[in-house]
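Q: Give me the fold of what follows.
(chains A and B)
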Amino acid sequence: MLKPLEVNPLKLSQPMGALLAFLGIKNCMPLMHGAQGCASFAKVFFTRHFNDPIAIQTTAVNDITAVIDGGDYSISEAVKNITSKVTPELIGLFTTGLTETKGDDIRGVASILQPQHAMVYVHTPDFEGGLESGYAKTIEAIIEQLVEPQEQIEQKITLIPHVSMTPLEVERVKEQIELFGWSVFALPDISESLDGHLGQKQGALSNNGISVAQIQELGSSHAVITIGSSVYGCGEKLCTKNQKMQHLHFDTIGGLKASDLFYGKLMSLSHVSQPHASIMRWRKRLQDALLDTHFILGGCKVVLACEPDQILSLSSILTEAGVEIKAAISPTKSDMLANIPSNHIIIGDLDDAEEFLDDHTLLITNFHGERLAKKYHNALLMRGFPNYETLGNQLKDDTLYQGSVQLLFEAANCMQAHHHI
Amino acid sequence: MMVNKKQIKELLNESACTHNEQKKSSCDKPKSGATSGGCAFEGAQIALFPFADAVHLVHAPSTCLGASWETRATPSSYDGENNTYLGYSTNVTAHDVIFGGNQKLEDSIEYIATNKNPKAIFVYETCVTAMIGDDMDNIASRMEIKYGIPIVVVHAPGFVGSKNLGSRLAGEAVLDKLIGTKEPMEIHPFGINLIGEYNVTGDMWQYTPILEKIGIKVVSTLAGDGRIESIHTAHRAKLNVIVCAKSLITLCRKMEERFGIPYISVSFYGKRDTSNAIRSIVSAFKNKELSRKAEEIIAEEEEALESRLLPYREILQGKKAILNTGGNKSWSIASALQDIGIEVVATSIAKATLEDIEIAKQYVPILIKSPANEQAKLIDEHNVDILLAGGRSLYTAIKKKIAFVDVNQEKKVSYGAYGGLENLAKDVCAAVQNPVFRVVGTPAPWEVSHA
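A: Model prediction:
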């Protein structure tokens, strides 16, 4: 019997992706248009993952407003109550399954409220898509509604990271591009808001990130760099704001070959023939790390259960050291899954992972993998949302030469320790 | 029975709630843009997921369960597959929203009934499936006949209200479908039900062995370490014991009316409250021998606890604390802190019900109405040593260079009953002695003025 339901779901919802995008904007109040529980679940989820307060409010639709309100009452009430306490630079309005089922006209409501309050609206029902699509839709909405059209370009680059990139990864990639002489703006920029720093104010708003003023000016970027196939469309969208802007897209920047491609493109964009010395140094370290770890990782069987862009990124790194991807399980469909070298590409849940697990296999997934590791005695590396079990999730780095080195060592050490048990 | 307005109204106007003549803080409709708590579905989930021998099927799109499964530490001693930590969702899609989710729900129930071996299936209605009008009761009753196990539909979609209301609705579903449907082999003279005890971090296991030693039998629980088999026979218990949470008071009132079972409300946090809880339970039975035995065991337990607490007391004696948390924790934790020798200077009542405020008054001299404004001032005025609060207050403690305990964080060990008080003492001592708060508060070299 084909499984008609999800057992131990891997899928996270579109509104949760929207929330993450808005959290990378400075002094933003993400406002989830739905019943109070949607916002509460998302808040607790990311608070536990990042170990930091998460800014979010809810329009708290109830059984009465669900039927008689077209959205304008609960949204304007919410905005009134929020702005009576704090002064957000942006209100990020996004919908849920409930408010899309009733069919609220959030564009209409936003157009009424926008004269007084800066606001971006986006449709993110949780009965469609997943974390990646909710995040990408939100970035597109931000570009569409905030970025001003431009005709001139400046010495500046917009970076659009995919949803599974950690705050440290966003920061590192920004720094790498800066080494070529560009000023870099990430949209969204969670490297300063969700990086886990001790701030004076544990405020109700997102405390850092890209500012609304900076977003408005992104149209003058010389180029937009998108990382991950889920955000390709966001780069295309930004290019519509300025015909001179170039779009550099990378499905992944994990592993030696993908990193080579990334730096190669940056070199020709920047007209330099040799990158910064540290980049060349890290490439040599990665070459060495690949050779050091291939004894352990060669032929090692790995099961990946993550968001599609993260699956590609991790598999790009690990397969270079000879890892065999036994199965890849993604919560949602994605075109790039066809690029994963595995006989078992599954759109499914963690229940589907179980048939591939045994004590010789390394499972890479979120903290729910712990229970599976107890059951099947497989090795486990925790990646993706949510991870309530290990600390420092915000400072993991699996990108470019340096991050690839770290992932290879971590995976090899994990297998090594597993065999010693 | 669909989402039932009459039932919800009755639950919100519960006559057994003392606060109902004045305000209904926890039962009010949530305010747009100024709400932080969970929804009714979450409340139902909290109340029923601890039944480890039943499968919990959430009829919803991906947020409801995708973000919430395997999050609550409610251990179970069930030796079959522990369903508390598993996630079953129909994963409603746009197709289902348009054409209806009935078929998917039916297929999902069939899949679970044939592939798993649950003692019951709880089916949770959520906002979207309530809106699209799936006929869940009809499907459940047909499947129940086909597979011969109880299939209980819980009508607590998120938008009907708060967590508290959801727990109540879950209680109603259990009362309607499960309680009183089987007769036990024997009726214990001192049988009790534990209501609203979810065994978070094993809290319940801190005191159930003590109750058993006294001669009290736990007939069933709703639902910490719960079993479907025993909840069927809950109507043959002699007393309902509501543990801390008040949300299931309606269930207890109805069980009193229907089955003549009286109920009491107790807390098992701290030494005094635990001893008082045991006394309240025992005195409800009006049995001299039982009361004598209880006093004997309370004395034993208290003595043993005191000797275990000695090393901690030496460190904590005379230390002053401020407590900033919500609900019944505003007094139950205060009481526990006092039991380990800490002076609780003030407690926050910003998120407490009127009932909780009344009780808090008996424990703590100063009640804080607005923690954001008053907390820092009170720390200075009273030379406070420890701040126990949620993560948002961390910076206040760092700035004041005092110890901080995050009381709202998901805890890993139990603070319940006598054994749990020792855990609390251990944790508070560790915080007080930890240099980390002073180290972190050290100014950076570029912040020091070179005058």
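Q: Enumerate every residue touching the residue in chain A that chain B sits nearest to.
A: Going by CB to the nearest CB, chain B is nearest to A:Gly37 of chain A, at 2.5 Å. Quick note: C-beta positions are derived from backbone N, CA and C, even for glycine. Contacts for A:Gly37 (CB atoms under 8 Å, 6 or more residues apart in numbering or on different chains) come out as B:38-42, B:64, B:158.
Q: change it to 6 Å
A: Shown in contact with A:Gly37 (CB atoms under 6 Å, 6 or more residues apart in numbering or on different chains): B:38-39, B:41-42, B:158.
Q: What is the nearest of the residues you listed to chain A?
A: B:Cys39 (2.5 Å).
Q: What residues does the stretch 1-150 of chain A have near chain B?
A: By the rule CB under 6 Å from any CB of the partner chain, the part of the stretch 1-150 of chain A lying against chain B is A:4-9, A:11-13, A:35-38, A:40-41, A:45, A:53, A:57-63, A:66, A:74, A:77-78, A:81-82, A:97-98, A:101, A:126-128.
Q: circling back to that earlier point, now the residue of chain A closest to chain B: which helix or strand?
A: helix A:36-50 (DSSP states H and E).
Q: That helix: how far from the chain's middle?
A: The chain centre lies 16 Å from the centre of helix A:36-50; the measure is CA atoms, centre = their mean, to the nearest Å.
Q: residues making contact with the very next helix or strand once past that helix?
A: Downstream of helix A:36-50, the first helix or strand assigned by DSSP H and E is strand A:57-58. Outside strand A:57-58, the residues that touch it by CB under 6 Å, 6+ apart are A:29, A:31-32, A:36, A:39, A:82, B:33, B:35.
Q: what's the very next helix or strand once past strand A:57-58 in contact with?
A: Heading C-terminal from strand A:57-58, the first helix or strand you meet, by DSSP H and E, is helix A:65-68. With contacts defined as CB under 6 Å, 6+ apart, helix A:65-68 is touched by A:74, B:159.
Q: State the mean pLDDT of helix A:65-68.
A: Mean pLDDT, helix A:65-68: 81.
Q: do the same with stretch A:290-303
A: 96.
Q: for stretch B:302-316, same thing?
A: 92.
Q: ok, back up a step: show me the one in the contacts of strand A:57-58 that has more neighbours than the rest.
A: Of the contacts of strand A:57-58, A:Met32 is surrounded by the most neighbours, 32 neighbours in total, counting by other CB atoms under 10 Å in any protein chain shown.
Q: And the top helix by length along chain B, how far out from the chain middle?
A: If you go by DSSP state H, chain B has its longest helix at helix B:288-316. Distance of helix B:288-316 from the chain centroid (CA atoms, centre = their mean) equals 25 Å.
Q: now for it, which elements pack on it?
A: Applying 3 or more CB pairs under 6 Å, 6 or more residues apart in numbering or on different chains; DSSP states H and E, one finds that helix B:288-316 contacts helix B:208-214, helix B:271-283, helix B:417-433.
Q: So for chain A, which of those helices sits nearest?
A: Proximity to chain A, assessed across the helices and strands packed on helix B:288-316 by CB to the nearest CB, is greatest for helix B:417-433 (16.9 Å).
Q: For the closest one, buried residues please.
A: Residues B:417-429, B:431-432 are the ones in helix B:417-433 that count as buried (16 or more other CB atoms under 10 Å in any protein chain shown).
Q: Go back to the residues you listed and keep what's next to chain A.
A: By CB under 6 Å from any CB, no member of the buried residues of helix B:417-433 lies near chain A.
Q: ok, of the residues you listed, which one's closest to B:Ala360?
A: Each of the buried residues of helix B:417-433 was checked against B:Ala360 using CB to CB; the closest is B:Leu424, at 18.0 Å.
Q: give the contact list for the closest one.
A: Going by CB under 6 Å, 6+ apart, B:Leu424 touches B:336, B:415.
Q: With B:Lys412 instead?
A: Neighbour list for B:Lys412: empty [criterion: CB under 6 Å, 6+ apart].
Q: Let me see the backbone angles for the one residue sitting closest to the centre of chain A.
A: The residue lying closest to the centre of chain A (CA atoms, centre = their mean) is A:Val163, at 1.0 Å. For A:Val163, the backbone dihedrals are phi -70, psi -30 (criterion: degrees, to the nearest 10).
Q: go on, A:Ser193?
A: Dihedral angles for A:Ser193 - degrees, to the nearest 10 - are phi -110, psi -30.
Q: Tell me how many other residues crowd it.
A: 28.
Q: ditto for A:Gln287
A: 13.
Q: in which helix or strand would I find it?
A: helix A:277-297.
Q: Then A:Pro4?
A: Remark: A:Pro4 resides in no helix or strand, with elements defined by DSSP H and E.
Q: where are the low-confidence patches of the chain?
A: Just so you know, I chose chain A. By pLDDT under 70, the low-scoring segments of chain A are A:1, A:200-203, A:420-421.
Q: Correction: the question concerned chain B.
A: B:1-3, B:15-28, B:244-245, B:409, B:450-451.
Q: Chain A contacts on that one?
A: So far as CB under 6 Å from any CB goes, chain B lies against chain A at B:29-30, B:32-35, B:38-39, B:41-42, B:61-63, B:66-68, B:70, B:86-94, B:97, B:104, B:107-108, B:111, B:127-128, B:131, B:158-160, B:391-392, B:395.
Q: Out of these, list just those in helices.
A: With helices taken from DSSP H, the overlap with the residues of chain B next to chain A comprises B:41-42, B:62-63, B:66, B:94, B:97, B:104, B:107-108, B:111, B:127-128, B:131, B:395.
Q: hmm, back to that, on the three-state scheme, the closest residue in space to the residue nearest to the centre of chain A that isn't next to it in sequence is what?
A: Nearest non-adjacent residue to A:Val163, counting by CB to CB, 6 or more residues apart in numbering or on different chains: A:Tyr135, 4.0 Å away. Secondary structure, DSSP: H, G, I helix; E, B strand; the rest coil: A:Tyr135 is helix.
Q: Same question for B:Val344.
A: Three-state call for B:Val344 (three-state DSSP): strand.
Q: That one and B:Lys320 touch, don't they?
A: No - assessed by CB atoms under 6 Å, B:Val344 is found out of contact with B:Lys320, at 8.0 Å.
Q: show me what contacts A:Val86?
A: Neighbouring residues of A:Val86 by CB under 6 Å, 6+ apart: A:204-205.
Q: if you set the cut-off to 10 Å instead, what comes out?
A: Shown in contact with A:Val86 (CB atoms under 10 Å, 6 or more residues apart in numbering or on different chains): A:27, A:29, A:55, A:57, A:203-205.
Q: From those, which land in strands?
A: Using DSSP state E, the subset of the contacts of A:Val86 located in strands is A:29, A:57.
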